[in-house]
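Peer 1: Predicted model follows, preceded by the sequence.
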Amino acid sequence: MQQREQDVGVAQYVRLASVLRHQIAHGTLRPGDRLPTVAELASQHGVARITARQTYGLLARDGLVTSARGRGTFVAEGVASRGPAVDARLRAAINDPGSEDLRMELLAQRRREPLPEALRQGHAVYPAYDFVRKRHLHGGEVFCLVEIFVASEIRALFPRGAERRHKIAWLLNRHAGERMQDVRQTLSVAPADLTLAAELDCPFATPIAHMTRHVLDTDGRVVLAGRFWYRGDRFVMDTHIPFHVWQQSPGVVIPDYHRAP
């Protein structure tokens, strides 16, 4: 298995497991398919047998493969549901700001501090921001880690402790919607580092969707600046783009934040 420069320091069995995990997630390997023997896998990828054995052990721990003495190793039944498809209730929990099928776990919060320079992006800012760090869960499983800076004077409009029950996008719409004007966000995908893997309860180096979001008010000031990390196997983003807007700027993505609570 060829090692790229950016993979230095990542155990071979972790990298090989990521290759097989990708094939399972995208349907190249299907539930019930028989996988190569340890010797065959080692030969195919140019690794030691112990590495191939560790690879299957890691995938088995994650519930992706099963092994039976004398029969071999197989892709686990029912594993297709962990791929790109996301069930309707999780889809709503991700995309609907007012979704009630969601649990939030508050990890940290700080009050009245400057917006970090890296998040300003050349926009005007408020005098102070409150920081909120939390995890979003659906069905008892984490799907998103959130770090948000929201203007302190805007957050003061929210009911006390509301961030534990509602998404901040929903709270902005509910309590200060008339002051909001623009939402800008960027989405990228990268492997999970050790910190994100622990926070999102997913294997190291698996795909993570990373979103940055800015909400600007009618004066062009940053009301909210946030970072969101989603597990790749528990993420789908729905967008609404009026055709006339898309014609003018095909790169524009308009989240459905206008939906009534």
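Peer 2: All right, it came through fine. Predicted model, so just to flag it, every value in this text is computed and none were measured.
Peer 1: I'd guessed D101 sits against H138; true?
Peer 2: Yes - counting by CB atoms under 8 Å, D101 does reach H138; the two are 6.6 Å apart. All C-beta spots, glycine's among them, are computed from the backbone N, C-alpha and C.
Peer 1: Would you mind giving the secondary structure of the most centrally placed residue in the chain?
Peer 2: Centroid-nearest residue in the chain, with CA atoms, centre = their mean: Y230, separated by 0.6 Å. Under DSSP: H, G, I helix; E, B strand; the rest coil, Y230 falls in the strand class.
Peer 1: Settle it for me: which of D101 and H138 has more neighbours?
Peer 2: Neighbours were tallied for D101 and for H138 using other CB atoms under 10 Å; the higher tally belongs to H138 (21 against 13).
Peer 1: just to revisit the earlier point, with T28 as the reference, measure out to the residue nearest to the centre of the chain.
Peer 2: Relative to T28, Y230 is positioned 23 Å away (CB to CB, to the nearest Å).
Peer 1: Now the helix or strand where A176 lies: buried residues?
Peer 2: Assigned by DSSP states H and E, A176 belongs to helix 168-176. By 16 or more other CB atoms under 10 Å, the buried positions in helix 168-176 come out as I168, A169, W170, L171, L172, N173, R174, H175, A176.
Peer 1: Just send those back as TSV, with pLDDT and distance to A88 too.
Peer 2: Below are those laid out as TSV (pLDDT from 0 to 100; distance: CB to CB, whole Å):
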residue	pLDDT	distance to A88
I168	93	24
A169	90	20
W170	92	19
L171	94	24
L172	94	25
N173	92	22
R174	94	24
H175	96	28
A176	95	30
